[in-house]
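Chemist: Dropping a prediction and its sequence here:
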Amino acid sequence: MADAGTWGDDAGAKKRSMIQTVIAVAILTLVAGAGGTLVGWLTGGTGAPATAEPVAAAPAPALSPRSDIAAAEGSNLPLRLILLKPVVTNIYAPANAWLRIEASIVVEDDGSIDAEILAAEIEADTLAFLRSLQLAQVEGTRGLLHLRDDLRERAKLRSPAVVDYLIQAMVAE
């Protein structure tokens, strides 16, 4: 006579399944812990965190008004930051996307530059360039860097006194 017994019904099968799962998880945990210990031992880890010794503060180098870019050009003119008005425009693709850029330019100030006129010309160039963009071109870090490089080149074509084009904020909608 074969009775179902406690191990033959569904409750018994669920208990066995649960026990097997707990045992498997415990074994995997032990294996992972042993593997981590072995890797730590092989890489020379002592297990104790290294304590950092305080480093004496070195005197800060004197800051000059020159940037690395301008210093490479060999000019001794002071630099000036000109803020541009935010540029908001629709872009080429997708048709319903808008782009807003807040930027500024760094120029070598020799006294002959009219900042308002130069800023207005570069804002117009920026607007014209942004209207020809596709959203995919400015996605990600590389897209932003390429955009900045392109805008810097256009600004340098507008005036040789332009040293850099700095994008402070960009929003795509």
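Modeler: Received, thanks.
Chemist: Return the per-residue confidence for residue 18.
Modeler: Listed pLDDT for residue 18 reads 87.
Chemist: Now the residue lying closest to residue 133 once chain neighbours are set aside. Its backbone dihedrals?
Modeler: What sits nearest to residue 133 in space, not counting adjacent residues and going by Cβ to Cβ, 6 or more residues apart in numbering, is residue 91, at 4.8 Å. Every C-beta, even on glycine, is put in place using the N, C-alpha and C of the backbone. Per-residue torsions, residue 91: phi -110, psi 170 (degrees, to the nearest 10).
Chemist: what do you get for residue 103?
Modeler: Main-chain torsions, residue 103, degrees, to the nearest 10: phi -150, psi 170.
Chemist: I'd guessed the residue nearest to residue 133 sits against residue 127; true?
Modeler: No: Residue 91 is beyond contact range of residue 127, at 10.9 Å (criterion: Cβ atoms under 8 Å).
Chemist: The two: who's more crowded?
Modeler: residue 91 (19 against 13; other Cβ atoms under 10 Å).
Chemist: where's the more buried one relative to residue 158, distance?
Modeler: From residue 91 across to residue 158, the span is 21 Å (Cβ to Cβ, to the nearest Å).
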